[in-house]
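>>> Here is my input; please provide its structure:
(one chain, ligands or ions: 2)
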Amino acid sequence: MVERTPREQVEMMRCLNHNGWAEEQLLPLLTPVEESWQPADLLPCFSPCAGDEEQMVTMMDLEELQARAAGVPDDVLVCLVGNMVTEEALPTYMSMGNRVKGFADETGCSDLPWARWLRGWTAEENRHGDLLNRYLYLSGRVDMRQVERTVHYLLRNGMRMVSPSSPYHSLVYGSFQERATFISHARTARHAALHGDRCLAKICGVISADEKRHEVAYTKAVSVLFKADPDGMVRALATVLRGRITMPGQLMTDGRDADLFEHFSAVAQRAGVYTARDYCDLVEHFVRRWKVEELGAGVLSGEGRRAQEYVCRLPRKIRKMEELAHDRAAQANKEPKFARFSWVFDRPVRI
Ligand SMILES: [Fe+2]
Ligand SMILES: [Fe+2]
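Ligands and ions are numbered 1, 2, ... in the order given. From the prediction side, this is the model:
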């Protein structure tokens with residue numbers, strides 16, 4: 001088994017750029033601008049609006065938006081703010097994308113398909129933070145200054161990622177991230193609908209649909225690489241999973257709560273917006289989707305076989321650890337625990 005060097009991995013990416021694959025398979029997964037929703041379509045309009053035919057939903061006015069938002073409980077607001085802050089750190093993610101060898105936009109306006117994808121992806125993602133930010137501002141339900149301060153901190157702090165310049169690792173990470181955000185926005189949409197906020201449900205729903213489309217793109221690219229270099233890919237997958245898929249918002253702080261990300265994650269876990277179980281399902285999903293179990297010994301090196309074994313056993317291992325942690329927490333936490341979030345004016349929220 002000949003191991004591919006990082007240079008050969010980059011060559012592989014270049015090949016997808018030039019052999020028509022990225023052009024034909026990836027770029028059609030971006031929505032043309034003219035067909036794309038924009039934040040203005042989903043929020044009250046304060047200026048003379050374009051004709052109704054240009055808007056996706058019937059506009060509600062500010063009064064109705066605020067009346068509906070009044071019914072959203074604090075735990076859902078905390079999940080929403082955490083998701084919004086994560087979306088707003090988009091400059092970090094674009095700069096990470098441009099660090100990936102063979103994928104990067106070398107000139108800033110490169111015509112190569114990967115570079116066009118990265119810019120198009122960024123443009124689509126940019127609407128997510130804008131839309132959530134504007135909804136939260138208009139809702140009057142959160143301390144906007146504290147939320148904005150958290151975004152500011154997160155952008156200054158950046159993000160940690162295993163092998164940020166490796167195309168294999170980055171595409172695996174991207175697949176997991178897009179699916180994780182698809183799940184958490186979809187669940188927030190469900191909570192919003194349940195509490196009678198149809199505006200917020202629609203907002204989280206359209207964002208979630210974008211994340212799904214982006215997940216398809218990265219997952220497809222990883223599938224192609226698994227066919228071309230199964231040994232390199234299974235080792236990359238194992239490396240990324242060994243580091244655990246750390247969330248891009250992990251370094252967030254509001255300047256007051258040193259454990260803000262842990263507290264936000266605990267609220268998301270309790271609310272069922274994104275849970276440890278989801279993480280486990282994600283690993284299982286991708287192991288199946290990329291047919292990791294079916295990789296024959298003939299295409300794997302010794303290290304590749306060990307990586308395959310690790311990845312395939314991981315879901316069961318995580319599930320067992322979660323059960324143990326759950327039992328321990330049930331015994332230890334007879335008393336409910338709360339954390340105060342500056343985002344919701346320091347009100348305590350159960351964690
Ligand atoms: Fe997003
Ligand atoms: Fe995304």
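
>>> how far away is the closest residue to Pro167 other than its chain neighbours from His128?
Distances taken as CB to CB, 6 or more residues apart in numbering put Met13 closest to Pro167, at 4.5 Å, once the chain neighbours are dropped. All C-beta spots, glycine's among them, are computed from the backbone N, C-alpha and C. Noted for Met13: a distance of 26 Å to His128, by CB to CB, to the nearest Å.

>>> List the residues that contact the residue nearest to Pro167.
Listed by CB atoms under 8 Å, 6 or more residues apart in numbering, the contact set of Met13 reads Val100, Lys101, Gly102, Phe103, Trp114, Pro167.

>>> Would you double-check that the fourth one falls in a strand?
No: secondary structure assignment places Phe103 outside any strand; it is coil (DSSP: H, G, I helix; E, B strand; the rest coil).

>>> re the thing from before, what subset of the contacts of Met13 is buried?
Among the contacts of Met13, the ones that count as buried by 16 or more other CB atoms under 10 Å are Val100, Lys101, Gly102, Phe103, Trp114, Pro167.

>>> residues in contact with the fourth one?
It stands for Phe103. For Phe103, the contact set (CB under 8 Å, 6+ apart) comprises Met13, Gly97, Trp114, Ala115, Leu118, Pro167, Ser170.

>>> thinking again about what came up before, tell me which element the residue nearest to Pro167 is part of?
Per DSSP states H and E, Met13 falls inside helix 6-18.

>>> I'd like the next helix or strand past that helix.
Past helix 6-18, the next helix or strand by DSSP H and E is helix 21.

>>> what's Leu300 in contact with, if anything?
Contacts of Leu300 were listed using CB under 8 Å, 6+ apart, and they are Met1, Pro230, Asp231, Val234, Gln308.

>>> what do you get for Arg149?
So Arg149 contacts Asp254, Gly255 (CB under 8 Å, 6+ apart).

>>> Cross-check the contact I'm expecting between Gln308 and Pro230.
No: Gln308 lies out of contact with Pro230 (CB atoms under 8 Å); the separation is 9.0 Å.

>>> Need the overlap of contacts for these two.
Joint contacts of Gln308 and Pro230 (CB under 8 Å, 6+ apart) are Leu295, Leu300.

>>> Leaving out chain neighbours, which residue sits closest to Ala221?
Spatial nearest neighbour of Ala221, excluding adjacent residues (CB to CB, 6+ apart): Leu171 at 5.2 Å.

>>> what angle do the host helix or strand of the one you found and helix 6-18 make?
According to DSSP H and E, Leu171 maps onto helix 167-194. In terms of direction (axes from the mean of the first three to the mean of the last three CA atoms, to 10 degrees), helix 167-194 departs from helix 6-18 by 60 degrees.

>>> for helix 167-194, which positions count as buried?
Those buried within helix 167-194 under the rule 16+ other CB under 10 Å are 167-192.
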